[in-house]
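Trainee: Okay, sequence plus prediction incoming.
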Amino acid sequence: MNDYLIGKPALRKRVLAGLCAALCASSAMAGPAPCACGAGVYSVINLDPEGGAAALLNEKGQAAVGSFVFGTNAFFDGDRVLPIGDLGGGFTVIKGLNNRGVVLAESIDAAEPFGNLYPVTWTPANGLRTLPGSLNGRAWGINDRRQIVGQVPAPGITARAVRFNPDASLLPLGPLPFSQSEGLAINGAGVAGGYTDAADGSIHAAVWNAAGAMTDLGTVGGQRAFTLFINARGEVAGAGDDAGGEHEVGFFWSPVGGMVPLGAQDGGARLVAGLNDIGQLVGLTSTRAGTAAYQWTRTRGLVLLPRAGAPGSDVFDINNRSEMVGSLVRPAGTRAVLWRGLTAPIDLNSRLHRIPAGLVLQAGAAINEAGVILAYSNAGLVMLRPGKVGTDAPVLGPVLGLPDSVTLGAEVRARLGFIDNAPGQTHTAVADWGDGCASPSPLVREAWGRGEVGLQHSFCAPGLQTLVLRVTDSAGRSTETRRQVVVNAPGLAALSGRGTLAGAAAPGGATRALPLRFALWAPLATAQTGAPAAKTAQGVVALQGPFGFRSDSVATVARNGAQVRLEGTGRFNGRAGYRFLIDAVDGAGQQAAGRMRVRISHRDAGGADVVDYDSAGTARAGARAAVAATASVPDGLAPVEGVLALSD
């Protein structure tokens, strides 16, 4: 065997890169782990404490984030996380972000009795600004010219697609629909994509040019199709029902080549996850072994992304350099990965410069042209910035040692690791456990830019409690994390859970079915006789997916063994005056073992019950329904991805 000494750095890099590429190619076929070659290192920046927060990234490395669990929303300007706030009604949902740092959102004002919904823009300089003529409208996409697409109510129909222009004018998109049309995406030239309905009740994918003229793309054989993405070349990607109505399938359309099916189907919310400016698509598709991440091009067709031996994969985004981010799904958990083209995936956890104790990246959520990545982790949403310098704020890891559920009065001890770019700084920590009870002050131990916060507490109130922990350095920079804990009281029956109803029906026939995330804790009747639960325990129901919902009151209607029916009132997309009904079957604390159905409704001016959402898909939004509140658990319960459990 001959030994060679590679002396020149440039030559050494080329040789090592070639060796690495060869190893990665072989690992893509048979290797047990993602390849770590070819990627630089990343510094970590905390953005939001929720691991499933909304994650929007622009080309400046700025981000707009929003938390379903904690009800927070913020903008990261490249150095600091700035709160966005609301119009006074306590509700804002992030919808878009352009490359000039303008955030698109929807927010509720403080008008009585229920508040008004407005599409809004937000900038650090001007704060929230409502879009002219947008009362009760919706907004979905914004370009760098500050043109925004969505819909507004229209006389005689539900709503029509429009473009909000920066000069405060409103451009109707296409002819007046039979019932509803909506713009969902827009490119830099002002060309928009979305959907419109037809005379036979079907929903057609649509494209509108810069002047508002519509091209009806039709469907992919079924009754519904939606344009979801549009790139700089005016090419679009979307999803729709197949001819038999049994599967949701993806499609690609271009002005020259027309509509082409992708060969992808039943991938859920990320059936089509991204489209870049060179016509490459990514998403999820159903296979015999489960769902898998794919890339599609017109010349090559659909190709599954390499999985490095993992049984499952997921993909969230693609940039113009064919870099894709997502995750590999293994029995032990998910790991965030980066694909560079169709090479073996790179485990992003292996490329972190310095990390606090216990931090694990679980999925890549977004990537820009500079290679900046947003990622979900066990410490919430984080930014991965190429290089060894993040920001001057402390970087927090996950809260370790704190169970998801605890018994009232039991002492818990937990810890959180942190790092700081300035090794000479000192740090303090403040904790609020949410139950109003005293606890020892957090204990900070640190040395040379790395430390740990020790926590101790005994919960004194049952319910869904939230730990808020803030770490501040001696220069005044601080970072906050949060963690929810279910506190059960002996003798107090309760239903608790957190997870997703996959493939839950959407509100209204003119919208795709999207997953519905939930978090809940509800004290139940203390006996089959219906005796009231403890007055000190207040239930909480939070839902997020095709809409947002938070409960104002929660009550138990019926319980029969492992079956429970809850009802109450709450705010639908920030508006009060709505009722919810939840049917649940205990999953005994096991993952994916519970089942649930969710129904949201309100009373119209005549007192009739109008269904706004039904996860079983048995009612279209706006339809009148008569569902007896005392009925037994109905058909239509969907499996829960997560945990749903009864405690007694």
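Mentor: Sure, I can see it.
Trainee: mind showing which ranges of the stretch 151-300 of the chain have poor pLDDT?
Mentor: Under the criterion pLDDT under 70, no range of the stretch 151-300 of the chain is flagged.
Trainee: With the stretch 501-648 of the chain instead?
Mentor: Flagging of the stretch 501-648 of the chain using pLDDT under 70 yields the residue ranges 502-513, 525-536, 589-592, 618-635.
Trainee: can you pull out the helices in it?
Mentor: For the stretch 501-648 of the chain, helices defined by DSSP state H, counting those that start in this stretch do not occur.
Trainee: Apart from its chain neighbours, what residue comes closest to Ala210?
Mentor: Distance criterion Cβ to Cβ, 6 or more residues apart in numbering; nearest residue to Ala210, sequence neighbours excluded, is Gly190 at 3.9 Å. Placement of C-beta: from N, CA and C, glycine included.
Trainee: what about that neighbour, neighbour count?
Mentor: Gly190 has 18 neighbours, counted by other Cβ atoms under 10 Å.
Trainee: what residues are up against it?
Mentor: Shown in contact with Gly190 (Cβ atoms under 8 Å, 6 or more residues apart in numbering): Asn143, Arg145, Gln147, Arg163, Asn209, Ala210.
Trainee: my read is it is in a strand, agree?
Mentor: No - per DSSP: H, G, I helix; E, B strand; the rest coil, Gly190 lies outside any strand segment and is coil.
Trainee: Parallel or antiparallel, list what pairs with the helix or strand hosting Val315.
Mentor: Here Val315 sits within strand 312-318, counting by DSSP states H and E. Using DSSP bridges, the strands paired with strand 312-318 in its sheet are strand 323-330 (antiparallel).
Trainee: What residues sit buried inside the partner strand?
Mentor: Within strand 323-330, the residues scored as buried using 16 or more other Cβ atoms under 10 Å are Glu323, Met324, Val325, Gly326, Ser327, Leu328, Val329.
Trainee: Could you pull up the mean pLDDT of it?
Mentor: Regarding strand 323-330, the rounded mean pLDDT is 96.
Trainee: And the strands in the stretch 501-648 of the chain?
Mentor: Using DSSP state E, counting those that start in this stretch, the strands found in the stretch 501-648 of the chain span residues 516-523, 540-544, 548-560, 563-572, 575-585, 595-603, 609-614, 638-647.
Trainee: Could I get the CA-only coordinates of the third one as CSV?
Mentor: As requested, the backbone C-alpha atoms of strand 548-560 are provided in CSV (Å, rounded to 0.1, in the frame of the first residue of the first chain):
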residue,chain,number,x,y,z
GLY,A,548,-56.9,29.0,15.1
PHE,A,549,-59.1,28.3,18.2
ARG,A,550,-58.7,28.9,21.9
SER,A,551,-61.3,28.0,24.5
ASP,A,552,-62.9,30.5,26.9
SER,A,553,-64.8,27.8,28.8
VAL,A,554,-64.7,24.0,28.9
ALA,A,555,-67.3,21.6,30.3
THR,A,556,-67.9,17.8,30.3
VAL,A,557,-71.1,16.8,28.6
ALA,A,558,-70.8,13.0,29.0
ARG,A,559,-68.4,10.3,29.9
ASN,A,560,-68.7,6.6,29.2
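Trainee: For that strand, which strands pair with it and how are they oriented?
Mentor: strand 540-544 (antiparallel), strand 563-572 (antiparallel).
Trainee: deepest of these, which one?
Mentor: strand 540-544 (a mean of 22; mean count of other Cβ atoms under 10 Å).
Trainee: Just give me how far it sits from the chain centre.
Mentor: Relative to its chain's centre, strand 540-544 lies at 14 Å (Cα atoms, centre = their mean, to the nearest Å).
Trainee: Then stretch 398-414?
Mentor: In terms of Cα atoms, centre = their mean, the centre of stretch 398-414 is set 26 Å apart from its chain centre.
Trainee: Please enumerate residues in contact with that stretch?
Mentor: When contacts are defined by Cβ under 8 Å, 6+ apart, stretch 398-414 is touched by residues 357-360, 377-379, 415-417, 454-462, 467, 469, 481, 483, 485-490, 496, 498, 643, 647.
Trainee: what residues are up against the residue nearest to Ser67 when sequence neighbours are not counted?
Mentor: Nearest residue to Ser67, sequence neighbours excluded (Cβ to Cβ, 6+ apart): Glu50, at 4.1 Å. Neighbouring residues of Glu50 by Cβ under 8 Å, 6+ apart: Ser67, Phe68, Val69, Phe70, Thr72, Gly380, Leu381, Arg482.
Trainee: can you pull the pLDDT of the first one?
Mentor: Ser67 carries a pLDDT value of 86.
Trainee: looking at the strands of the stretch 501-648 of the chain, which is buried most?
Mentor: Compared across the strands of the stretch 501-648 of the chain, strand 516-523 shows the largest average neighbour count, a mean of 24 (mean count of other Cβ under 10 Å).
Trainee: Report the angle between that one and strand 563-572.
Mentor: If you take axes from the mean of the first three to the mean of the last three Cα atoms, to 10 degrees, strand 516-523 sits at 110 degrees to strand 563-572.
Trainee: In CSV, list the C-alpha atoms belonging to strand 516-523.
Mentor: Coordinates of each C-alpha in strand 516-523 appear next as CSV, following Å, rounded to 0.1, in the frame of the first residue of the first chain:
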residue,chain,number,x,y,z
LEU,A,516,-55.2,20.0,13.0
ARG,A,517,-52.9,20.4,15.9
PHE,A,518,-54.3,20.4,19.4
ALA,A,519,-53.3,20.8,23.1
LEU,A,520,-55.9,20.3,25.8
TRP,A,521,-56.5,19.6,29.5
ALA,A,522,-60.0,19.4,30.8
PRO,A,523,-61.2,18.3,34.3
